[in-house]
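Peer 1: sequence first, predicted model second:
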Amino acid sequence: MLNNYNSEDKVLLSVDCIIFGFDNEGLKILLIKRGFEPEKGKWSLMGGFLKKDESLNKAAIRVLNFYTGLQDIYMEQFYAYSEVDRDPVERTISVAYYALINIENHNAELIKNYEAQWFSISKMPKLIFDHNEMVSHAMRRLRYRTSTKPVGFELLPEKFTMRQLLELYEAILDKKLDKRNFISKINSLDILVKLNEKDMLSSRKGSYLYKFDKEKYDAKLLNHFVLNL
């Protein structure tokens, strides 16, 4: 009978988190060396099993906080991986999330304790199981998001130059963008506040600093648009 719980197969459910960060060297991903068999000592995404008393979102938040010490992280669930042989030990379905964090804000000591390391996306090592597939899928989702929602608030410092924002979009999209067109499109979103301050390290004249208007930024997150870059 379909309604007989006891006779049905039991499977494990886990969450895996793709943590993206950004710095002057480009878009990066946070990986960890697996601490147990199988594949002990090999590079892996950060993950854990779902507990009986928590939702998937709460499990992902717990995993992210455990490894990074951060809370209130932007994250998005994007896919479930259910190939029968994806885990050689036990039948396990994994629900994947990607998260965006400012690298400067992470807890460096905690990351050191768990042998975690930031890698450039282009120089990422081979990962265990189907984790490389998860990263590729997460990158496609993040690139799609840049065309329908603003990005940057979670990845950039509070004050940033227009060039930093441009370089972030170029790193995510993996292509060069026309600077004038980019500035025009970003300004049309009306989510930036131009400050009466300059970054004097970028050029002799300096570059104006900007910050996001959080209220307008959050409003744009709720409404899809098309940003053709």
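Peer 2: That came through, no problem. Every value quoted in this text rests on a predicted model; they were computed, and no experiment measured them.
Peer 1: so which residues of this protein form strands?
Peer 2: For the chain, the strands defined by DSSP state E cover 12-23, 26-33, 43-44, 46-49, 74-81, 92-102, 116-120, 160-161, 192-199, 207-212.
Peer 1: now the longest one: buried residues?
Peer 2: Right, strand 12-23. 14, 15, 16, 17, 18, 19, 20, 21, 22, 23 (16 or more other Cβ atoms under 10 Å). For glycine as for every other residue, the C-beta is placed from the backbone atoms N, C-alpha and C.
Peer 1: contact partners for the second one?
Peer 2: Going back to what we said before, that points to residue 15. Residue 15 is in contact with 47, 48, 50, 56, 59, 60, 63, 94, 95, 96, 97, counting by Cβ atoms under 8 Å, 6 or more residues apart in numbering.
Peer 1: neighbours of the residue lying closest to the second one once chain neighbours are set aside, how many?
Peer 2: Nearest residue to residue 48, sequence neighbours excluded (Cβ to Cβ, 6 or more residues apart in numbering): residue 63, at 4.6 Å. Neighbouring residues of residue 63 were enumerated by other Cβ atoms under 10 Å; the total is 22.
Peer 1: likewise for residue 151?
Peer 2: Other residues close to residue 151 by other Cβ under 10 Å number 22.
Peer 1: returning to that earlier point: for the contacts of residue 15, which ChimeraX command selects only the ones that are buried?
Peer 2: Buried subset of the contacts of residue 15, written as a ChimeraX selection, criterion 16+ other Cβ under 10 Å:
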select :47,48,50,59,60,63,94,95,96,97
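Peer 1: which of the contacts of residue 15 lies closest to residue 33?
Peer 2: residue 47 (13.2 Å; Cβ to Cβ).
Peer 1: biggest separation within the buried residues of strand 12-23, which pair?
Peer 2: Using Cβ to Cβ, the buried residues of strand 12-23 span at most 29.1 Å, a distance reached by 14 and 23.
Peer 1: need the contact list for residue 177.
Peer 2: Contacts of residue 177 by Cβ under 8 Å, 6+ apart are 166, 169, 170, 229.
Peer 1: run the last query once more with 6 Å
Peer 2: 170, 229 (Cβ atoms under 6 Å, 6 or more residues apart in numbering).
Peer 1: can you check the pLDDT for it?
Peer 2: As predicted, residue 177 sits at a pLDDT of 96.
Peer 1: determine the longest helix present in the chain.
Peer 2: Looking across the chain with DSSP state H, the single longest helix is helix 131-148.
Peer 1: need the strands of the chain in JSON lines with mean pLDDT and distance to residue 139, can you?
Peer 2: Shown next, in JSON lines, are the strands of the chain (pLDDT from 0 to 100; distance: least, Cβ to Cβ, whole Å):
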{"stretch": "strand 12-23", "mean pLDDT": "96", "distance to residue 139": "8"}
{"stretch": "strand 26-33", "mean pLDDT": "94", "distance to residue 139": "9"}
{"stretch": "strand 43-44", "mean pLDDT": "97", "distance to residue 139": "17"}
{"stretch": "strand 46-49", "mean pLDDT": "96", "distance to residue 139": "17"}
{"stretch": "strand 74-81", "mean pLDDT": "96", "distance to residue 139": "11"}
{"stretch": "strand 92-102", "mean pLDDT": "95", "distance to residue 139": "9"}
{"stretch": "strand 116-120", "mean pLDDT": "93", "distance to residue 139": "13"}
{"stretch": "strand 160-161", "mean pLDDT": "95", "distance to residue 139": "22"}
{"stretch": "strand 192-199", "mean pLDDT": "95", "distance to residue 139": "25"}
{"stretch": "strand 207-212", "mean pLDDT": "96", "distance to residue 139": "23"}
